[in-house]
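Enquirer: below: sequence and its predicted model.
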Amino acid sequence: MNGTIVAVCTSTRTGEKKVPVQSVTLEKDFGIVGDVHGGTGRQVSLLAVESVDPMREKMPSLSDGDFAENLLVRGIPLARLLVGTKLRAGDGVEMEITQIGKKCHSKCNIHKTVGYCIMPTEGVFVRILSGGTLKPGDSIAVV
C-alpha cells in the first residue's frame, strides 16, 4: 500500500495548531527535531487527507496542521492499520504505529464548529525506527 506525504507540520508548544514547513528532520527514538512532541511517547502524528477532506466540506477554512498532525498523508487508510504496522517514507525514514486515536482533553475549535473531531479516532501516532528528512511529495508505504 503506497501513498504520498501532502504536508509536514510542526509546533513548539502543546495545544496549538501545527504549521506547515518545507521539510522536517526525524531522529530515531525521538521524532521530529524542533517539534514539541519530539522525545515523548507520541513522537510523530499522522492523519490521512481522506479523513480531513469531509471535515473541510463542513469547515472550509481548515488548513494543513489544524488537527495538530505532523504528517498529512494521501493514499493510505491510516486509521485501519494496526498498532505495530511499519511504514517507510522519503529517503529511508522508518516508523512503527504505536497508537491509533487519542483522548482529547478539551473541545477544540473544530469540535465546537463541526460537532466532532477526527483526531481521537483517526489520528495515528508512530515512533521513529530510522531517521531522515521528509517533505511534501515524498512517498510513504506500508512495509
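Expert: Structure received. Numbering: from 1, shown residues only.
Enquirer: for stretch 77-92, what is the average pLDDT?
Expert: If you average the pLDDT over stretch 77-92, you get 95.
Enquirer: first to last residue in it, what's the distance?
Expert: End-to-end distance for stretch 77-92, by C-alpha to C-alpha, to the nearest Å: 21 Å.
Enquirer: what does stretch 131-143 give?
Expert: For stretch 131-143, the first-to-last residue distance is 16 Å (C-alpha to C-alpha).
Enquirer: what's in contact with it?
Expert: Applying C-beta atoms under 8 Å, 6 or more residues apart in numbering, the set of residues contacting stretch 131-143 from outside is 1-8, 20, 22-28, 30, 71, 73, 75-76, 81, 85-94. Quick note: C-beta positions are derived from backbone N, CA and C, even for glycine.
Enquirer: tell me which residue lies nearest the centroid of the protein.
Expert: residue 46 (2.0 Å; C-alpha atoms, centre = their mean).
Enquirer: thinking again about what came up before, among the contacts of stretch 131-143, which are in helices?
Expert: Taking DSSP state H as the definition of helices, these contribute nothing to them.
Enquirer: drop anything exposed from those residues.
Expert: 3-8, 24, 26, 30, 71, 73, 75-76, 81, 85, 87-90, 93-94 (16 or more other C-beta atoms under 10 Å).
Enquirer: would you map the strands across this structure?
Expert: For the chain, applying DSSP state E gives strands covering 2-10, 19-21, 24-27, 31-32, 44-48, 71-74, 86-89, 93-100, 124-130, 132-134, 139-142.
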